[in-house]
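Colleague: this is a predicted model, with the sequence first.
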Amino acid sequence: MMVPPVHDIATLLQRPSLDALPAAWRRALSDAASANAAGDGMPDPIDVLADTLDTLATLGADGEVVLAAILHGLPGVQSAIAGQVGRQVPGLVDLLEGQVAAAQVWALHAEQTRSVNTEGLRRLLLAIVRDLRVVTILLARQLARMRAAGALAEGERQALARLTRDIHAPLANRLGIWQLKWELEDLAFRYLQPQTYKQIATQLDEKRVGRERYIGAVIGALRDGLAAHGIAADVSGRPKHIYSIWRKMQRKQVGFDELYDLRAVRIAVDDVAACYAALGIVHALWVPIPSEFDDYIARPKANDYRSLHTAVVGPEGRTLEVQIRTHEMHAQAELGVAAHWKYKEGKSGGDAFDRKIAWMRRLLDGAADGAGGEGALAGELDAELVEDRVYALTPKGEVVDLPQGGTVLDFAYHVHTMVGHRTRGAKVNGRIVPLNHVLRSGDRVEILTSKEPEPRRDWLLQANGFLASGRSRDKVRAWFHKLDRARNLQAGRELLEKELKRLGLHHADLTGAAKKFHADNIEELYIQVALGDVGPHQVGRALHEEQRAAAEPEAATLPVRRPPRKVAAPGKSKFTVQGVGNLLVQLARCCQPVPGEPIAGYLTRVRGVTVHRADCTAFARLAATSPQRVLPVEWGQAGGGYEVDVQVTALDRKWLLKDITTLIAQEEANVLDINSQGNRASGRVHLRLRLKVADFGQLSTLLGKLDALPGVEDARRSG
């Protein structure tokens, strides 16, 4: 059926390619188009939009996809209809935002003045597009633009062709959308290498009549042979595309006349058994060329592509290529299986990237046979599109692939090891950020470096959050491994002593901790800390566990008035006191223990039981004076947190208090009280904060991050 040309919006809305749109949506579009200047600000002429919609229809696009393509092409209609239809179409926002986000990738491609990693740009596109159905819209629109590119100026045409070659054609190839892939490749090749394109086209055209006659004779012979053996089959000539001919000539280093598959036919049968029966008939009719036979049915390619490929010496002694497959295999290869991704391009994008393309393939298969439905697709989207990579950009627009949670310091090490070693600061999208700033896909990162490499050991501390990539941490460790033993020993001692001091554990014996981390002695433990093999916070936790274990047998020997039994303290919220019940239990203000630390109780005359850290000096004096009042106490299962005093010494600066309280909030701790005391002579300020934390682990992490804030000289637990 002839489709009338499109000159206005009303004609566009009557095209058969819009049959996927519900009637209510179409009426809303028509009303909005009548009331608004729909053509104002259109990114493409209306005939390009019409061609885009026709292509989407051939791919079986659903109503949401068609609507999103129309609204992107008609900004005036989009602004008028968004509120009315948007509430009825849950996925519309993502489809529209995805098309806008794709423009970022096109702009990055246009900025590139030399050959760079276009693979990275393709991955960036798929990372920033939340609904992958957007990709079909982008491919259909690019094909429509390329078909109309003859009317553009030479510079615009060249830029459009390069974008098609680098981004759109490879994506169509990976998704197996052959109906778009071959035409995108041919059109891009036509404008980028017009002389070569014209030469091959001329050679094809010169021999077209003879080739068609030859293929006609081959098809007739095959049909007769298959019918004689009772095999129902469709036999057709296989179209050859100019770009694929040129690629094969380049790859095989042969001339035009030496290509086997310039003369090619395809046989489609009902089942796999008929495929092999047809193969036998082909080889009985003509002499096969053994080196040109491939059985992709018995041994499918990694992308599940299936077909029999053979070449024979056909009539008149000319080579002939024959492909044999079932109708189902053919439909999959033409309409959505990512048939030639890995075997032609030889690249793997990781599990998350493969899941995205696998989902896209299922989408296309479902569109062809009506399976699933919009609700099923939305569910698949939630289940499958779990992206575990981040794609950030250099100032020149090159893409750097990072793990999820990657920081600007990870970015620097992925650019180059020495860039990472020399990093002293960073800008993200033009704004100065800390080195532990977590990147998002599409961020443009500029690394600020010093002249000399000088990585810091605290980059290796996980609690500081500088590095999320194991690859980056290995590079930092490798730098410090090269240093002499004396420097590593000194650095490890300083790091560990600093951590233990702020945790109130600086008098602890490190012998047991060294054994736990398989160090021969304490010096070896220091070196492990210096090289990042063991974190200072790990040593601190090990010392706490050691002290708690040592305190348990001592507590068992303390005198009590009743036989030992566990009685929950009132409210059952914080502690379990052995031997007594119905008493007020509270934290001692002198040492303020937190969960995970060894503790002991002291029965006061009027305030019930006060709970102290086992190494509290005030508790030691009380226990020496009245040992009969000492009670064993254990941490309960309470929630609500525990109070602890922290002191911070820092250079006084603007926003210091704001940065400290923001960090505490980010770590999900609570500020109960703050006192500050400034020293004008030194320019320093001393802060005493009463915090509520969940446990010892949270306190350790919080102290480490407070200590890393700009201007902070010391952050430790007080008391």
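Modeller: Yes, it's here. The structure presented is a predicted model; accordingly, all values stated were derived computationally and were not measured. Numbers count the residues shown, from 1 in each chain.
Colleague: can I get the CA coordinates of the helix or strand hosting Gln99 in CSV?
Modeller: Assessed by DSSP states H and E, Gln99 sits inside helix 92-111. C-alpha atoms of helix 92-111 as CSV (Å, rounded to 0.1, in the frame of the first residue of the first chain):
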residue,chain,number,x,y,z
LEU,A,92,7.2,8.0,29.1
VAL,A,93,9.5,10.2,31.3
ASP,A,94,12.4,7.8,31.0
LEU,A,95,11.9,7.5,27.2
LEU,A,96,11.9,11.2,26.7
GLU,A,97,14.8,11.9,29.1
GLY,A,98,16.8,9.1,27.4
GLN,A,99,16.6,10.9,24.0
VAL,A,100,17.7,14.1,25.6
ALA,A,101,20.6,12.4,27.4
ALA,A,102,21.7,10.8,24.1
ALA,A,103,22.4,14.3,22.8
GLN,A,104,25.3,14.5,25.4
VAL,A,105,27.0,11.6,23.6
TRP,A,106,26.4,13.1,20.2
ALA,A,107,28.0,16.4,21.5
LEU,A,108,31.0,14.5,22.9
HIS,A,109,31.5,12.7,19.6
ALA,A,110,31.4,16.0,17.8
GLU,A,111,34.2,17.4,20.1
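Colleague: list the buried ones in it?
Modeller: In terms of neighbour count (16 or more other CB atoms under 10 Å), helix 92-111 has its buried residues at 92, 94-99, 101-102, 104-106, 108-109. Every C-beta, even on glycine, is put in place using the N, C-alpha and C of the backbone.
Colleague: off-centre distance for it?
Modeller: 17 Å (CA atoms, centre = their mean, to the nearest Å).
Colleague: now do it: which elements does it pack against?
Modeller: Contacts defined by 3 or more CB pairs under 8 Å, 6 or more residues apart in numbering; DSSP states H and E place helix 92-111 against helix 63-73, helix 75-86, helix 118-128, helix 133-147, helix 154-163.
Colleague: where does the stretch 151-300 of the chain have low pLDDT?
Modeller: Residue ranges of the stretch 151-300 of the chain with pLDDT under 70: 174, 176, 206-208, 239-240, 252, 256-262.
Colleague: which parts of it are strands?
Modeller: 233-237, 264-269, 287-288, 294-295 (DSSP state E, counting those that start in this stretch).
Colleague: by how many degrees do the longest one and strand 233-237 diverge?
Modeller: Computed with axes from the mean of the first three to the mean of the last three CA atoms, to 10 degrees, the direction of strand 264-269 lies at 160 degrees from that of strand 233-237.
Colleague: just checking: what are the partner strands of strand 264-269?
Modeller: strand 233-237 (antiparallel), strand 319-326 (parallel) (DSSP bridges).
Colleague: most tightly packed of the ones you listed?
Modeller: Mean neighbours per residue, mean count of other CB atoms under 10 Å, is largest over the strands paired with strand 264-269 for strand 319-326, with a mean of 22.
Colleague: and it, average pLDDT?
Modeller: The pLDDT scores in strand 319-326 average 89.
Colleague: swap in stretch 462-481?
Modeller: pLDDT averaged over stretch 462-481 gives 85.
Colleague: ends of that stretch, how far apart?
Modeller: Using CA to CA, to the nearest Å, the end-to-end distance of stretch 462-481 comes out at 19 Å.
Colleague: what of stretch 458-472?
Modeller: Using CA to CA, one end of stretch 458-472 lies 13 Å from the other.
Colleague: residues of that stretch that come out buried?
Modeller: Neighbour counts over stretch 458-472 (16+ other CB under 10 Å) mark 458-461, 463-469, 472 as buried.
Colleague: from those, which is closest to Ala665?
Modeller: Closest to Ala665 out of the buried residues of stretch 458-472 is Gly465 (15.8 Å), distances taken as CB to CB.
Colleague: would you mind getting the angle between the helix holding Gln99 and helix 63-73?
Modeller: Interaxial angle, helix 92-111 versus helix 63-73 (the same axes, to 10 degrees): 50 degrees.
Colleague: now what about helix 92-111, what contacts it?
Modeller: The contact list for helix 92-111 (CB atoms under 8 Å, 6 or more residues apart in numbering) reads 64-65, 67-68, 71-72, 78, 85-86, 118, 121, 124-125, 128-131, 133-134, 137-138, 159, 162-163, 166-167, 393, 396-397, 442.
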